[in-house]
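Colleague: model this:
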Amino acid sequence: MEMINIFVKSIFIDNMVFAYFLGMCSYLAVSKTVKTSAGLGLAVIFVMVITVPVNYFLENFVLKKGALEWLGPQYMEVDLSFLSFILFIAIIAAMVQLVEMIVEKFAPALYSQLGIFLPLIAVNCAILGASLFMQEREYANIGEATSFAVGSGIGWFLAIVGLAAIREKIKYSQVPGPLRGLGITFIVTGLMGIAFMTFMGIEL
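Modeller: Predicted structure coming up:
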C-alpha cells in the first residue's frame, strides 16, 4: 500500500515540474510537438527507473555512515556521504549515454529532433533531484525507491506531453502578440500546476 501511495503522490502531488520546478529547461524547450516530447519523456522515465534504484543501493551499501558494515565491523564508522553528488551524477551520465546510443540506433529521426536536449538529460535537475529526494526521504526498501522513480518519471512525462499538446493547439489560436512563444507557455504551465494541485486531497 505504501508503494502505491508513493507512486501516486510522485505523479500528481510531488510532480517534479509543478511542485518543485525541476527539469524546466528541457520541459519548455522540447515541448513544441507531442512526438518529440513523448520521446524525451520516455527517455527520462527510463533513466530515472535505472538511476534511482542504483543510487539507492549505492547510498545504503556504500556511502552513508555504517553502510560498509558488510565489509567488517572495522568499517562501521566510515562515512562516504560527501561523495553522493559526484557518484549520483556519474551513474546518471552513464545511463544517459546508454539511452543516447539506443535512440540514435533505433530512432534516428527522434534523435535528430531532440538534438542537444537528449545528452542534456544528464544535467536535467529532475533526474538528479529524484536521487536526492530518495536520499533525503530515506525510503525503507528498494521497492519504495523504485516506485518513487517510476512515478516521478511518469509525472514528468505527463507534464511535458500535456504542455506539448496544448502548445500544438495554441498555434491555431489568436494569442496576443506580446504573449506569443514563452509568454503563453508560462501561463499555461502555471494553470497546469494549479490543476495538478487539485490532487493534493488524495488519501490512500
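
Colleague: Report the buried residues of the longest helix anywhere in the chain.
Modeller: Determined from DSSP state H, the single longest helix within the chain is helix 142-170. Residues 144-164, 166-167 are the ones in helix 142-170 that count as buried (16 or more other C-beta atoms under 10 Å). Backbone N, C-alpha and C define where each C-beta goes, glycine included.

Colleague: what does stretch 68-80 give?
Modeller: L68.

Colleague: if we look at that stretch, which residues are touching it?
Modeller: F61, V62, L63, K64, K65, G66, A67 (C-beta atoms under 8 Å, 6 or more residues apart in numbering).

Colleague: can you redo those as JSON lines with pLDDT?
Modeller: Formatted as JSON lines, the contacts of stretch 68-80 follow (pLDDT from 0 to 100):
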{"residue": "F61", "pLDDT": "91"}
{"residue": "V62", "pLDDT": "90"}
{"residue": "L63", "pLDDT": "89"}
{"residue": "K64", "pLDDT": "88"}
{"residue": "K65", "pLDDT": "86"}
{"residue": "G66", "pLDDT": "84"}
{"residue": "A67", "pLDDT": "84"}
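
Colleague: Generate the ChimeraX command that creates a selection of the buried members of these.
Modeller: Buried members of the contacts of stretch 68-80 can be picked out in ChimeraX with the line below, counting by 16+ other C-beta under 10 Å:
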select :62,63,64,67
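
Colleague: okay if I get the contacts of stretch 68-80 as CSV plus distance to D79 and secondary structure?
Modeller: Shown next, in CSV, are the contacts of stretch 68-80 (distance: C-beta to C-beta, whole Å; DSSP: H, G, I helix; E, B strand; the rest coil):
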residue, distance to D79, secondary structure
F61, 14, helix
V62, 11, helix
L63, 8, helix
K64, 7, coil
K65, 4, coil
G66, 8, coil
A67, 8, helix
